[in-house]
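**Q** predicted model follows, preceded by the sequence.
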Amino acid sequence: MAFPQPKPQPPQLPQHLLRTIDCQQGAVRAVRFNVDGNYLLSCGSDKSLKLWSVGRGTLLKTYSGHGYEVLDADGSYDNSQLCSCSSDKTVILWDVATGQVTRKLRGHAGKVNCVQFNEEGSVILSGSIDGTVRCWDTRSRRNEPIQVLDEARDSISSLKVAQHELLTGSVDGRVRRYDLRMGQLHVDFISSPITCVCFSQDGQCTLSSSLDSTVRLLDKSTGEMLGE
């Protein structure tokens with residue numbers, strides 16, 4: 001006699017507080033996990049970037065080099081490098097082990113809101129209040145960006161990279177998806193300024209939040225609204 005299989009439980013949102021970290025950085029502007037989730041980066045209004053052990057909640061290293069508050073950060077796939085951006089209009093590439101500044105990238109005309117490595121860690125992408133996304137080659141000694149995407153009509157508030165695609169959200173109310181391999185741009189208009197964007201886990205949808213207190217799930221290829 002075969003017993004019926006138990007019903008699979010839907011995934012639950014986390015309910016339990018595991019740890020509180022007192023960053024002592026003033027206002028914390030962003031918190032980012034590394035690739036495997038063992039480390040945390042916290043970006044502070046005191047111009048510092050801090051690296052924490054998630055398991056122990058201990059401070060591992062402090063990175064100081066920005067001239068104003070740090071707004072975002074990201075770690076490379078091999079955990080050897082960090083990148084961060086700031087209100088001082090710069091993007092900094094750091095060596096994780098030594099804490100030294102490897103490169104300081106200047107070119108944005110205003111504060112830099114968001115920054116991310118590509119999957120190989122060979123390119124840094126940064127989005128700024130000046131309405132541009134700049135692509136920087138981490139292996140070159142040249143200080144100019146290898147590409148500037150200037151289609152946005154207002155500040156870039158958020159960006160996400162996945163394989164050959166770049167997703168950006170802007171205060172002009174548009175979610176832009178760049179297919180960097182095909183050289184194509186797809187634009188979805190949302191009437192309210194965008195605060196954050198990301199791809200779904202399967203890469204078929206885009207998720208965006210905006211100032212009208214709404215989160216929207218869109219089909220990536222057609223732009224159809226799947227839920228809000």
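**A** In hand now; what should we look at? Numbers count the residues shown, from 1 in each chain.

**Q** could you use CA atoms for every contact and neighbour count after this?
**A** Noted.

**Q** for stretch 133-143, which residues meet the burial criterion?
**A** 133-138 (16 or more other C-alpha atoms under 10 Å).

**Q** name the nearest residue to Leu167, ignoring sequence neighbours.
**A** Arg177 (4.5 Å; C-alpha to C-alpha, 6 or more residues apart in numbering).

**Q** that neighbour: how many residues sit nearby?
**A** By the criterion of other C-alpha atoms under 10 Å, Arg177 has 22 neighbours.

**Q** helix/strand/coil for it?
**A** With DSSP: H, G, I helix; E, B strand; the rest coil as the basis, Arg177 sits in strand.

**Q** coming back round to it: could I get the buried residues of stretch 133-143 as JSON lines with secondary structure and distance to Trp52?
**A** What follows is those, written out as JSON lines (DSSP: H, G, I helix; E, B strand; the rest coil; distance: C-alpha to C-alpha, whole Å):
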{"residue": "Val133", "secondary structure": "strand", "distance to Trp52": "29"}
{"residue": "Arg134", "secondary structure": "strand", "distance to Trp52": "28"}
{"residue": "Cys135", "secondary structure": "strand", "distance to Trp52": "28"}
{"residue": "Trp136", "secondary structure": "strand", "distance to Trp52": "26"}
{"residue": "Asp137", "secondary structure": "strand", "distance to Trp52": "27"}
{"residue": "Thr138", "secondary structure": "coil", "distance to Trp52": "24"}
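
**Q** widest-spaced pair of those residues?
**A** Distance extremes for those: the farthest pair is Val133 and Thr138 at 15.6 Å, using C-alpha to C-alpha.

**Q** give the residue spans of this structure that score low on pLDDT.
**A** Where the chain drops to pLDDT under 70, the residues are 1.

**Q** tell me how far Gly227 lies from Ser210.
**A** Shown here: Gly227 relative to Ser210, a distance of 14 Å by C-alpha to C-alpha, to the nearest Å.

**Q** which one of those two is surrounded by more residues?
**A** Set side by side, Gly227 and Ser210 show more neighbours around Ser210, with 20 against 10, by other C-alpha under 10 Å.

**Q** how close does that one get to Phe199?
**A** Distance, Ser210 to Phe199, by C-alpha to C-alpha: 15 Å.

**Q** for Ile21, same thing?
**A** Distance from Ile21 to Phe199, by C-alpha to C-alpha: 28 Å.

**Q** with Ser213 instead?
**A** 19 Å.

**Q** list the contacts for Val123?
**A** Residues in contact with Val123 (C-alpha atoms under 8 Å, 6 or more residues apart in numbering) are 117, 135-138.

**Q** again, only using 6 Å
**A** 117, 136-138 (C-alpha atoms under 6 Å, 6 or more residues apart in numbering).

**Q** what residues are bridge-paired with it?
**A** Beta-bridge pairing of Val123 under DSSP bridges involves Asp137.

**Q** kindly report the same for the one 10 residues further on.
**A** The residues listed as beta-bridge partners of Val133 by DSSP bridges are Gly127, Leu149.

**Q** that one contacts Ser126, correct?
**A** Yes. Between Val133 and Ser126 there is a contact at 5.4 Å, judged by C-alpha atoms under 6 Å.
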